[in-house]
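**Q** here is my input, please return the structure:
(chains A and B)
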Amino acid sequence: MLTFTIRRLILSVPTLLFISLVIFLLLQLAPGDPMAQVPLTVPPEVKEKMREALGLGQPIHIQYWKWIVQFFWIEPQVLIDHWFGTTFADGKQRVISWQTRSPVMDIVVQRIPQTLWVVGLSYIVGILIALPIGIYSAYKQYSVFDQSGTFITMIGFSIPPFFTGPLLIVVFSVQLGWLPSIYDTTHVVTDWASFKVQFMQMVMPVMVLALQTTAQISRYMRSSMLDNLGQDYVRTARAKGLREGVVVMQHVLRNSMIPVITVIALGVPSIFGGAIITENVFKVNGIGQLLLTALFGNDIPMVMTLTFIFAILIVLFNLIADVLYGVLDPRIRYD
Amino acid sequence: MTDQTADAYAALQDKEPPKAPRSQWKDVWDQFKRHKGALFGGGFLVFITLAVILGPYIWQVDPQKLDIRNKDMRPIYVALWNGDAKVGWFRPLGTDNLGRDILANLIAGGRASMAVGWAAMVLALVIGTSIGVIAGYFKRADFWLMRFTDLVLSLPILPLLLVAVTLFREPLRANFGPEGGMFILIVGVVGLTSWMQTARIVRGDILALKEREFILAARSIGTTSGKIIRRHLLPNVISPIMVSATLGLATAIITESALSFLGVGFPSDFPTWGKLLADAVQRMEQYPERVVLPGILISLTVLGVNYLGDGLRDALDPRIRGR
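**A** Model (predicted):
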């Protein structure tokens, strides 16, 4: 198992390099000019100097190499400096945003907690709703509960978040006035009242994202439970007189969770992608919204770094899913 | 003695007239009919497709025509609970803030959304099927093509779509006009980023199929590789391709709407469902129907397509069929 993990970790390095190259070349091909906003009165030679100051004058492969060095070598040093108070990264060039002229990673670190709160919580809520639905609808296959569960999950699949978001805002913020429509990220939780405010503003974005998660995971849970409920070991467990609750909740559930857990791990990156839309609807200033503003502002280093962070998430969670599968299911041997 | 032989013959003979031979597609249809949701979904998809194709000939209002006098009209059903609302039968679903007819806009938007959805789906299918067939059939190509598929699968799709669309909008617009350029761009990026599942499924099926006897027989009489693929392999993988086609259509419609919603889709005077929804969000307190109507159309279409795919999967699987 350990060798497999290490091998996969090593294999993910070329994958990530390839992805970063694709993103980099895509951004290089793009026609956007960071000097477009500079006033026309600035003479061309000064503009050329400004371009070089941004690192744009050099050939593509040198730019790419510099980005690699900055992202993989200097940024970790900054992190270590931050944790241990050392001075490895002093005076070294970091990845600089063209919009704010400050290091990209500093801004990303400011924005990540908001995204993590909303996205992470929605994922947990979605899973907590999905698992019981999946278990019960498999146990009572073709019952009314199962049929309506199937229908609701189909709807959850089909209604895009950019429709559920505005719809919830119309109903709960405008018509009923129960919940705020805009997520206030400056809000600090200090006591019970402020916790209630925080809770209220999180309900809608979390539920919008959770609906998608619930739809997917409850389907997987149901089919996985159905696969296991017909197995011989279940009949054996019943035959030796175990209570129904023990049979379903311990014997069947534990075996059914194996594929579901890998699906849960695989779904984490896509929920970050979906969060781009949800953050836009509810005005959460997380990394999805940061990516959008950077795109519209032609801020290439920021876009590059953020897209690459999404790519790292995907590769990482694919790896986690594979490893978890091997750890949880003793029948699977990778070696 | 003769009696007994006659009995034996009688026992061997058919008691009832022989049934007409059943074709595979008749079986598929019979199974498909039993899935009520799929029947409904397919019916809705046909209905909406016909509606957006034939709609402009029946409802002959120009979706772009400005009519400031009749701006901000409500749909006719609002009159049921609000007698003072500005409604009229000549604008059954109301007008927007510039007086453009919403029904005509929904039809025109549906045309664009469905066209993008179908075109992107076909593109993804063609790429996915070719890569899947080549990887499955030719052993030498298999390793690299599948590694490539894995790599593309680990690209962050939505951020990359956003990047591609924002960055390449201008040159394509300059070359193909604002609508044509955007159409090519969105169909291209959606198609190029959603072929991977099809490729994987097709490859798996081809790998299993090409070891079967009928392929060996075909090869032994000197059939060329191209003919084997076209005449023997492709007809046998048509069912997984059809199922992933429905999924692809749903994804393409949603992706196009999401891009329009985020403001990187078609130009503002070119309606698509996502665009109509996004434009209406700012004033949804006063005019919720402008958000709800395109939203419902997107959701129902995608729901219909998903149910259709569900039914097709059951109908095309010979192990489930007939049960």
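**Q** quick one: name whatever helix or strand follows whichever strand or helix holds A:Met50.
**A** Assessed by DSSP states H and E, A:Met50 sits inside helix A:44-53. The first helix or strand that comes after helix A:44-53 along the chain, using DSSP H and E, is helix A:60-69.
**Q** list the buried residues of the helix or strand just after that following helix.
**A** Downstream of helix A:60-69, the first helix or strand assigned by DSSP H and E is helix A:75-84. By neighbour count on 16 or more other C-beta atoms under 10 Å in any protein chain shown, the buried set for helix A:75-84 is A:75, A:77-78. All C-beta atoms are positioned from the backbone trio N, CA, C, and that covers glycine.
**Q** how about the residues of the stretch 101-250 of chain B by chain A?
**A** Within the stretch 101-250 of chain B, the residues that sit near chain A (C-beta under 8 Å from any C-beta of the partner chain) are B:150-151, B:154-160, B:162-164, B:166-168, B:170-171, B:250.
**Q** for the closest residue to A:Pro180 other than its chain neighbours, give me its contacts.
**A** Nearest residue to A:Pro180 in three dimensions, chain neighbours excluded: A:Gln201, at 4.9 Å (C-beta to C-beta, 6 or more residues apart in numbering or on different chains). A:Gln201 makes contacts with A:179-180, A:182-184, A:187, as judged by C-beta atoms under 8 Å, 6 or more residues apart in numbering or on different chains.
**Q** top of these by neighbour count?
**A** A:Tyr183 (22 neighbours; other C-beta atoms under 10 Å in any protein chain shown).
**Q** would you say that one is within a strand?
**A** No. Per DSSP: H, G, I helix; E, B strand; the rest coil, A:Tyr183 lies outside any strand segment and is coil.
**Q** so it versus A:Pro269, what's the distance?
**A** 22 Å (C-beta to C-beta, to the nearest Å).
**Q** ok, A:Val22 next?
**A** According to C-beta to C-beta, A:Val22 stands 16 Å off from A:Pro269.
**Q** again with B:Trp25
**A** The spacing between B:Trp25 and A:Pro269, counted by C-beta to C-beta, is 40 Å.
**Q** any weak-confidence spans in chain B?
**A** Scanning chain B for pLDDT under 70 picks out B:1-4, B:6, B:76, B:78-79, B:83, B:85-90, B:99, B:318-323.
**Q** roughly how far apart are the spatially most central residue of it and chain A?
**A** When C-alpha atoms, centre = their mean is applied to chain B, the residue found nearest the centroid is B:Leu249 (2.5 Å). Separation of B:Leu249 from chain A (C-beta to the nearest C-beta, to the nearest Å): 12 Å.
**Q** likewise for B:Leu54?
**A** 25 Å.
**Q** element containing the nearest residue to B:Asp317 once chain neighbours are set aside, please.
**A** Spatial nearest neighbour of B:Asp317, excluding adjacent residues (C-beta to C-beta, 6+ apart): B:Ser239 at 7.3 Å. Take DSSP H and E as the rule and B:Ser239 turns out to sit in helix B:238-261.
**Q** what's the following helix or strand past that helix in contact with?
**A** Using DSSP H and E, the helix or strand that follows helix B:238-261 towards the C-terminus is helix B:273-280. Under the criterion C-beta under 8 Å, 6+ apart, residues A:162-163, A:166, B:96, B:105-106, B:109-110, B:112-113, B:256-263, B:265-266, B:268, B:287, B:290-291, B:293-295, B:297-298 lie in contact with helix B:273-280.
**Q** hang on, the earlier thing: what is the nearest of the buried residues of helix A:75-84 to A:Thr87?
**A** The closest of these to A:Thr87 turns out to be A:Gln77 (C-beta to C-beta; 9.3 Å).
**Q** distance of the closest one from A:Ser12?
**A** Distance, A:Gln77 to A:Ser12, by C-beta to C-beta: 22 Å.
**Q** same question for B:Asn236.
**A** Taking C-beta to C-beta, one finds B:Asn236 at 36 Å from A:Ser12.
**Q** ditto for A:Thr293
**A** In terms of C-beta to C-beta, A:Thr293 sits 30 Å off from A:Ser12.
**Q** ok, these two, which is more surrounded?
**A** Neighbours per residue, other C-beta under 10 Å: of A:Thr293 and A:Ser12, the larger number sits with A:Ser12, 16 against 12.
**Q** wasn't A:Pro259 part of a helix?
**A** Yes. Assessed by three-state DSSP, A:Pro259 belongs to a helix.
**Q** tell me the contacts of it?
**A** Per C-beta under 8 Å, 6+ apart, neighbours of A:Pro259: A:220, A:224, A:325.
**Q** which of the residues you listed fall within helices?
**A** Counting by DSSP state H, the contacts of A:Pro259 place A:220, A:224, A:325 in helices.
**Q** pick the one among those closest to chain B.
**A** Nearest to chain B among the ones in helices among the contacts of A:Pro259: A:Tyr220, at 14.8 Å, using C-beta to the nearest C-beta.
**Q** what about the closest one, how many residues nearby?
**A** 19.
**Q** any idea how far the residue lying closest to it once chain neighbours are set aside is from chain B?
**A** Nearest non-adjacent residue to A:Tyr220, counting by C-beta to C-beta, 6+ apart: A:Val263, 4.9 Å away. Computed as C-beta to the nearest C-beta, the A:Val263 to chain B distance reads 15 Å.
**Q** in the chain, what residue spans correspond to helices?
**A** Just going to use chain A. Under DSSP H, chain A gives helices at A:2-29, A:44-53, A:60-69, A:75-84, A:104-115, A:121-139, A:144-158, A:161-168, A:192-229, A:232-239, A:244-246, A:253-282, A:287-296, A:300-328.
**Q** that's the wrong chain, I wanted chain B
**A** B:2-12, B:24-33, B:36-58, B:102-137, B:139-153, B:157-176, B:178-192, B:196-209, B:213-220, B:225-227, B:238-261, B:273-280, B:288-316.
**Q** which other residues reach the third one?
**A** Read it as helix B:36-58. A:151, A:154, B:32-33, B:104, B:107-108, B:110-111, B:114, B:297, B:300-301, B:303-308, B:310-312, B:314-315.
**Q** now with 7 Å?
**A** By C-beta atoms under 7 Å, 6 or more residues apart in numbering or on different chains, the list of residues contacting helix B:36-58 from outside reads B:32-33, B:107, B:110-111, B:114, B:300-301, B:303-308, B:310-312.
**Q** what of the shortest one?
**A** By C-beta under 7 Å, 6+ apart, the list of residues contacting helix B:225-227 from outside reads B:Tyr137.
**Q** swap the cut-off to 10 Å and go again
**A** Helix B:225-227 is contacted from outside by B:137-138, B:218-219, B:233, using C-beta atoms under 10 Å, 6 or more residues apart in numbering or on different chains.
**Q** and it, how far from the chain's centre?
**A** Here helix B:225-227 is found 29 Å from its chain centre; the criterion is C-alpha atoms, centre = their mean, to the nearest Å.
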